[in-house]
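Q: Here's a sequence, model it:
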Amino acid sequence: MIYKLIHSKKNGKTAGNILFFMLLLFFVFSVDARSWVLRQLMTVGLFNAKIEENAQVGHPLRNDLSFSFSDADGKEMTTADLKGKVVFLNFWATWCPPCRAEMPSLNELYNTLKDDDRIIFLFISEDEDSVKAINYLQKNGFDIPFITRSGNVPSRIFSGTLPTTIVLNKEGRVVLKHEGIANYNTAEFRQQLKNLF
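A: Got it, this is the predicted structure:
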């Protein structure tokens, strides 16, 4: 039926419009479809992250800006405990298409640098259902550790925009705050991180 509509000269324009709107609806309502499109744009270098050279003059993460977080086993820590390490923080959720789009690059970055004890990765899930988030990570073969925040996060660190990525240098200074999608697994960005060690 659809084949006949498409190939009929009389109905060709109508059929084309129907297919276009069906495709449009698919992309509007499918989280996977939107994240796939964003991932393709990332691969061409449209969303690359960069730590600016002058960013290290930022204000240190004072105690009033620190927050608590818990790992999958319930072990609680605070960001203030991490001084002396470079900290890569990423706030994400399973229902967020840009978060899902950047997750493969985050996972690759984590796997490349996870054995370097000079850097700490905190991938903080904003999902209300922890089981759903853990299942998402496992189903997609992502190795990133599952973390949740234990209390409020200061708005200067996280204002609610997903995804949000923060990088702290060894002194606890914010050297990168990026709201929105980015590709963090590039040679340039990995070198910028290593320069903070």
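Q: Convert the C-alpha atoms of the host helix or strand of I120 to PDB, please.
A: Secondary structure assignment for I120, by DSSP states H and E: strand 119-125. C-alpha atoms of strand 119-125 as PDB (Å, rounded to 0.1, in the frame of the first residue of the first chain):
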ATOM      1  CA  ILE A 119      42.100  11.500  38.100                       C
ATOM      2  CA  ILE A 120      38.700  10.700  39.600                       C
ATOM      3  CA  PHE A 121      35.600  10.100  37.400                       C
ATOM      4  CA  LEU A 122      32.100  10.900  38.900                       C
ATOM      5  CA  PHE A 123      29.300  10.100  36.500                       C
ATOM      6  CA  ILE A 124      26.300  11.300  38.600                       C
ATOM      7  CA  SER A 125      22.900   9.900  37.500                       C
END
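Q: between whichever helix or strand comes after that strand and strand 119-125, how many degrees?
A: Next along the chain after strand 119-125, taking DSSP H and E as the criterion, comes helix 130-139. Angle between the axes of helix 130-139 and strand 119-125 is 120 degrees (criterion: axes from the mean of the first three to the mean of the last three C-alpha atoms, to 10 degrees).
Q: so how far is helix 130-139 off the chain centroid?
A: Mean-position distance between helix 130-139 and its chain equals 15 Å (C-alpha atoms, centre = their mean, to the nearest Å).
Q: Would you mark the buried spots in it?
A: Within helix 130-139, the residues that qualify as buried are 133, 136-137, counting by 16 or more other C-beta atoms under 10 Å. For every residue, glycine as well, the C-beta is placed using N, CA and C.
Q: and if you look at stretch 163-173?
A: 163-170, 172-173.
Q: what about the closest residue to E108 other than its chain neighbours, how many residues close to it?
A: Spatial nearest neighbour of E108, chain neighbours left out: N185 (4.3 Å); criterion: C-beta to C-beta, 6 or more residues apart in numbering. Other residues near N185 number 20, with proximity taken as other C-beta atoms under 10 Å.
Q: circling back to that earlier point, just the mean pLDDT for the strand holding I120, thanks.
A: The average of the pLDDT scores along strand 119-125 is 97.
Q: same question, stretch 157-175
A: For stretch 157-175, mean pLDDT is 92.
Q: For this protein, give me the ranges with low pLDDT.
A: Filtered on pLDDT under 70, the chain yields the residue ranges 1-30, 35, 38-47, 52-64.
Q: Please tabulate the buried residues of helix 130-139 in CSV, including the columns distance to L109.
A: Formatted as CSV, the buried residues of helix 130-139 follow (distance: C-beta to C-beta, whole Å):
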residue, distance to L109
A133, 19
Y136, 18
L137, 15
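Q: now the helices for this protein?
A: 2-7, 12-29, 31-43, 97-113, 130-139, 187-194 (DSSP state H).
Q: Geometrically speaking, which residue is the centre of the protein?
A: C99 (4.3 Å; C-alpha atoms, centre = their mean).
Q: From I144, how far off is the closest residue in space to that residue that isn't next to it in sequence?
A: Using C-beta to C-beta, 6+ apart and skipping the chain neighbours, the partner closest in space to C99 is W92 (3.9 Å). Taking C-beta to C-beta, to the nearest Å as the measure, W92 falls 9 Å from I144.
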